[in-house]
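Student: What would the 3D arrangement of this be:
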Amino acid sequence: MDQQKKQLVFIILKMLKDIYEKTQKLEIMFQSRSIHLISRHFDPFNDLMEALQVPKEKNTYFLELMKLYIEDEMTLDEIMLEIEQQVGNSN
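Tutor: Numbers count the residues shown, from 1 in each chain. Sure thing, here's the model as predicted:
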């Protein structure tokens, strides 16, 4: 993965985490499970996987990594390294 692509993935992952955290806070504040900061029809994570040309069978694996990152069990650098290794192996 070239440096520009890495930077874009880095930005997208940070944005996804931020959106998730803000959505969680709003759901708690308004006692609602139906708060949506982005369109329900827009799935930036899957769009990212498609842009990186990740095989569909690896999407679940990356989704699990994303969950670990969102829950602060994995750092942004760690998930970036794993994505870079996996994307490099799949191309």
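
Student: Report the distance from the helix of greatest length in the chain to the chain centre.
Tutor: Secondary structure assigned by DSSP state H gives helix 3-30 as the longest helix of the chain. Centroid displacement of helix 3-30 relative to its chain, using Cα atoms, centre = their mean, to the nearest Å, is 7 Å.

Student: What residues of that helix count as buried?
Tutor: Neighbour-count burial for helix 3-30 flags 9, 13, 16, 17, 20 (criterion: 16 or more other Cβ atoms under 10 Å). All C-beta spots, glycine's among them, are computed from the backbone N, C-alpha and C.

Student: helix or strand right after the helix or strand where residue 62 lies?
Tutor: For residue 62, the host element (DSSP states H and E) is helix 59-70. Using DSSP H and E, the helix or strand that follows helix 59-70 towards the C-terminus is helix 76-90.

Student: Verify the contact between residue 46 and residue 60 for me.
Tutor: No - Residue 46 is not in contact with residue 60 according to Cβ atoms under 8 Å; the separation is 11.7 Å.

Student: quick one, which of those two is more surrounded?
Tutor: Each of residue 46 and residue 60 has its neighbours counted (other Cβ atoms under 10 Å); residue 46 has more, 14 against 9.

Student: Quick check, pLDDT for the more buried one.
Tutor: Looking at residue 46, its pLDDT is 92.

Student: Next, the contact list for it, please.
Tutor: residue 59 (Cβ atoms under 8 Å, 6 or more residues apart in numbering).

Student: Now with 10 Å, please.
Tutor: 54, 56, 59, 62, 63 (Cβ atoms under 10 Å, 6 or more residues apart in numbering).

Student: With neighbour count as added columns, please give those residues in a markdown table.
Tutor: Shown next, in a markdown table, are the contacts of residue 46 (neighbours: other Cβ atoms under 10 Å):
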| residue | neighbour count |
| --- | --- |
| 54 | 19 |
| 56 | 9 |
| 59 | 14 |
| 62 | 20 |
| 63 | 13 |
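
Student: just to revisit the earlier point, which other helices and strands contact the longest helix of the chain?
Tutor: Contacts defined by 3 or more Cβ pairs under 10 Å, 6 or more residues apart in numbering; DSSP states H and E place helix 3-30 against helix 44-51, helix 59-70, helix 76-90.
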